[in-house]
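Visitor: based on what follows, work out the 3D shape:
(chains A and B)
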There are 2 protein chains.
Amino acid sequence: MSEDLTALVTGLAKRAKEASRVLAVASTERKNAVLRRAAKALRGEPGDRVLEANAKDLGAAQEMGLSKAMLDRLKLDRKRLDAVADGVDQVASLPDPVGSVVEERVLANGLRIGKMRAPLGLIGIIYESRPNVTADAASLCLKSGNAVLLRGGKEAFHSNSAIAEIFERALREEGLPAEAVTLLPTTDRQATLVMISLDGIVDMVIPRGGEGLIRFVAEHARVPVIQHYKGVCHVFVDRSADPEMALRIALNAKVQRPGVCNAMETLLVDEHIAPTFLPKVGAAMKAEGVEIRADERAAEILGEVKRATPEDWDTEYLDLILNVAVVDGIDGALAHVAQHGSNHTEAIVTQDGANADRWMREVDASLVLVNASTRFNDGFALGLGAEIGISTTKLHAYGPMGLAELCTLKWVGQGEGQVRQ
Amino acid sequence: MSEDLTALVTGLAKRAKEASRVLAVASTERKNAVLRRAAKALRGEPGDRVLEANAKDLGAAQEMGLSKAMLDRLKLDRKRLDAVADGVDQVASLPDPVGSVVEERVLANGLRIGKMRAPLGLIGIIYESRPNVTADAASLCLKSGNAVLLRGGKEAFHSNSAIAEIFERALREEGLPAEAVTLLPTTDRQATLVMISLDGIVDMVIPRGGEGLIRFVAEHARVPVIQHYKGVCHVFVDRSADPEMALRIALNAKVQRPGVCNAMETLLVDEHIAPTFLPKVGAAMKAEGVEIRADERAAEILGEVKRATPEDWDTEYLDLILNVAVVDGIDGALAHVAQHGSNHTEAIVTQDGANADRWMREVDASLVLVNASTRFNDGFALGLGAEIGISTTKLHAYGPMGLAELCTLKWVGQGEGQVRQ
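Guide: Coordinates of the predicted model:
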């Protein structure tokens, strides 16, 4: 049984890898045609079949007693599916990264060198309940000339299969191998283990989901993993900050969309500005329904307020809860972030150029901001057009990953007969 | 015993990681001062102690019956050590990658974003007999703001210790933590296993040496590994090639320095040009003492010649031996390279722009060349100033790795109070 599973997953991965070689040299026009066909199908009758499959998944999920939040993540309706189709069309309209040359220059010997973007090959995506990831991942991988091996969540299996089928048909109709989008026909954990062991076949794995899933993949993988861990993001209000700007940024970072990874979890305030700033931010947060958990010094200023436990400083609430601490200037803030940050997004509010510079240089995070909300850390907001996730891995890609980050950069050189002296 | 070893290696790695945080924010001037001190010491009395230690290593190696080639790789003399010192000085004179910002632009909302080079943290280098790697790796890692954990070869242990000591002292004398250059005090394989398991402490491991070492590290590592596998490099002579240019490039690629990874192992010739080109290249190679191993079609043209075995096409000879095959045009050449290439360096000689373009786009190698010798694939020849190796890994870095490739790119953004709408 387990041997059968190993053979099954390995066989599917090998065929997907073969397909990746065809995708790697497919023209932009053909790749875009696949995406436009898939988008059209999602909006039409094949999309109806996706909704039927989704209804089946939802029914089973309700019987299994999944939480309301889980059911909402799983649910597709015509409006949501049309939005998924729009996303696929948007990827079609983005520039093709493959073949673009960067850092071009001419060496003293006349050799013209540069780095050309080329697909990675076969990308594995391991995800949980949201079926739209199937379409997002497929379109980003295809556009960047890669094949994709998908392992979706058990509860979304029928939805994912119906969406994957739409991409397979679109590939076939454009004369490309359907195996370039391969959904594993099983959600068995053993199948995942096989998939992440296929060194030399799977070129990169991106786990998308909760911390447990990501740690499981990172611990067992024999192929490179790009991790997208939780975001415990901070805003530090420096003593030189414009208090109104600091208030605006802190509120936006916490309440504009609290359930996402780039929302703020902890507000750090310089001890010099804390006595005047904290009461204002405390009142404003309260008015927005935010629960504050303060350290000793912040609590002294804020008065009646909950105290933060040691665990709170490392917690991604994804909710209207905010830790607040008073720190000894920028050194205190840097030390706090180094200890509790998650390499995701860290912002300073300051009018002091030297402190802004120190913050940018010394904070180790995928996006380090000066005078702007942490909410800007996503591929759309940073102008990538689309993203497959936000990497908190420092190798290969750090931060939002778009089409360019699904490629490698190979060196290319054009000469007129140059030889080495 | 094994538990002691685990505790020892883990403790050293943790202290080196702590040191990396200091190095990450050290000024360019201070890092350069460390390197200049180390170079000066290598040229002076501490260098003499390196030579004494090396004599001890050489004596033991001779008793152990190491090959002449191995002994030569291990051997240091005053001239070689001065060259090592020159290399360290050269790294000091290269621009500091840390803090440089690339791809800067201003978004529609006024947010100025870019990507800033930042150190990776703690880099592990696992290498074999050549003690100069200790100085090369230490200087490149320090200059790029990283700490380095070194595991050298058993036979070079005393030499490596003496060189590492020079860097430790130079760090201390400049007020930086000596632990930023840490040589493991044991060459036990178990220590290597511990080192490559330290996820979250060691940020990247680069194994330098034979294929066996690299495979061992890749198979057992729990931290990211940048592989530098063998080079089975090809030159393809297209039907449109200038025969004189093709001959010049083929000779340079094979004989200028046959013992290195970017030397050519296999010459592919288009069937249309083979009858006129092969006799010329055969005679020229023979005059240089090169042994030819031909496929059937090449043998028909070349006459009296050894036949290549199936294994030969995948062999890195590092010697004056050359495989020769006749192929069905560029499609045949691309298929041969896809099957037998090692993602290292692949060159085409052609006057046909369309074939040049196909070659660059379709060949999957760290450097793809048109009308130039494969020998150009190294960091010095490509203008990086220095290199820590040539990556055949597609993630993070593909090709020669210099100071920039020892860094990550974190996003930085500077605003005037921007919040997300």
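Visitor: contacting residues around stretch A:235-252?
Guide: The list of residues contacting stretch A:235-252 from outside it, by CB atoms under 8 Å, 6 or more residues apart in numbering or on different chains, reads A:253, A:264, A:266-273, A:276-277, A:280-281, A:284-285, A:288, A:327, A:329-330, A:333, A:337, A:346-352, A:355, A:359, A:371-375, B:416-417, B:419-420. Backbone N, C-alpha and C define where each C-beta goes, glycine included.
Visitor: what residues does the stretch 51-200 of chain A put near chain B?
Guide: A:98-99, A:105, A:107, A:111, A:113, A:116, A:118, A:120-121, A:199 (CB under 8 Å from any CB of the partner chain).
Visitor: what remains of the residues you listed if I keep only buried residues?
Guide: A:98-99, A:107, A:111, A:113, A:116, A:118, A:120-121 (16 or more other CB atoms under 10 Å in any protein chain shown).
Visitor: counting by contacts, list what the top helix by length along chain A packs against.
Guide: Looking only at chain A and at elements set by DSSP state H, the helix with the highest residue count is helix A:2-24. Judged by 3 or more CB pairs under 8 Å, 6 or more residues apart in numbering or on different chains; DSSP states H and E, helix A:2-24 is in contact with strand A:112-119, strand A:122-127, strand A:147-151, strand A:181-183, helix A:189-195.
Visitor: reformat the ones you listed as CSV; add mean pLDDT.
Guide: What follows is these, written out as CSV (pLDDT from 0 to 100):
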stretch, mean pLDDT
strand A:112-119, 97
strand A:122-127, 96
strand A:147-151, 98
strand A:181-183, 98
helix A:189-195, 94
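Visitor: any chance of these in CSV, plus distance to A:F216?
Guide: CSV is the format used below for the helices and strands packed on helix A:2-24 (distance: least, CB to CB, whole Å):
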stretch, distance to A:F216
strand A:112-119, 27
strand A:122-127, 9
strand A:147-151, 12
strand A:181-183, 20
helix A:189-195, 8
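Visitor: so which of these is nearest B:V194?
Guide: If you check each of the helices and strands packed on helix A:2-24 against B:V194 by CB to CB, helix A:189-195 wins as the nearest, at 24.1 Å.
Visitor: who's in contact with that closest one?
Guide: Helix A:189-195 is touched from outside by A:2, A:5-6, A:8-10, A:13, A:124, A:126, A:149, A:151, A:184, A:202, A:205, A:217, A:220, with contacts defined as CB under 8 Å, 6+ apart.
Visitor: now the two most distant members of those residues.
Guide: Using CB to CB, those reach their maximum pairwise distance at A:S2 and A:V205, which is 20.5 Å.
Visitor: more crowded one of these two?
Guide: Between A:S2 and A:V205, counting by other CB atoms under 10 Å in any protein chain shown, A:V205 is the more crowded of the two (25 against 11).
Visitor: please name the bridge partners of that one.
Guide: Partner residues in beta bridges with A:V205, using DSSP bridges, are A:G124, A:V225.
Visitor: next one: it from B:I226, what distance?
Guide: As for A:V205, its distance to B:I226 is 17 Å (criterion: CB to CB, to the nearest Å).
Visitor: so who does A:A60 touch?
Guide: In this structure, A:A60 makes contact with A:E155, judged by CB under 8 Å, 6+ apart.
Visitor: re the thing from before, for the contacts of helix A:189-195, which one is nearest chain B?
Guide: The shortest approach to chain B among the contacts of helix A:189-195 belongs to A:H220, at 9.9 Å (CB to the nearest CB).
Visitor: shouldn't A:V106 be in contact with A:R112?
Guide: Yes. A:V106 is within contact range of A:R112, at 5.1 Å (criterion: CB atoms under 8 Å).
Visitor: more neighbours: which of those two?
Guide: Set side by side, A:V106 and A:R112 show more neighbours around A:R112, with 16 against 11, by other CB under 10 Å.
Visitor: re the thing from before, now the contacts of stretch A:235-252: which count as buried?
Guide: A:253, A:264, A:266-270, A:273, A:277, A:281, A:284-285, A:327, A:330, A:333, A:337, A:346-350, A:355, A:359, A:371-375, B:417, B:419-420.
Visitor: mind checking which of the residues you listed land in helices?
Guide: In helices, defined here by DSSP H, the members of the buried ones among the contacts of stretch A:235-252 are A:253, A:277, A:281, A:284-285, A:330, A:333, A:337, A:355, A:359.
Visitor: these also near chain B: which ones?
Guide: Restricting these to those adjacent to chain B (criterion: CB under 8 Å from any CB) gives A:A253.
Visitor: for chain B, what's the nearest residue on the stretch 151-300 of chain A?
Guide: Counting by CB to the nearest CB, the stretch 151-300 of chain A gets nearest chain B through A:N252, at 3.5 Å.
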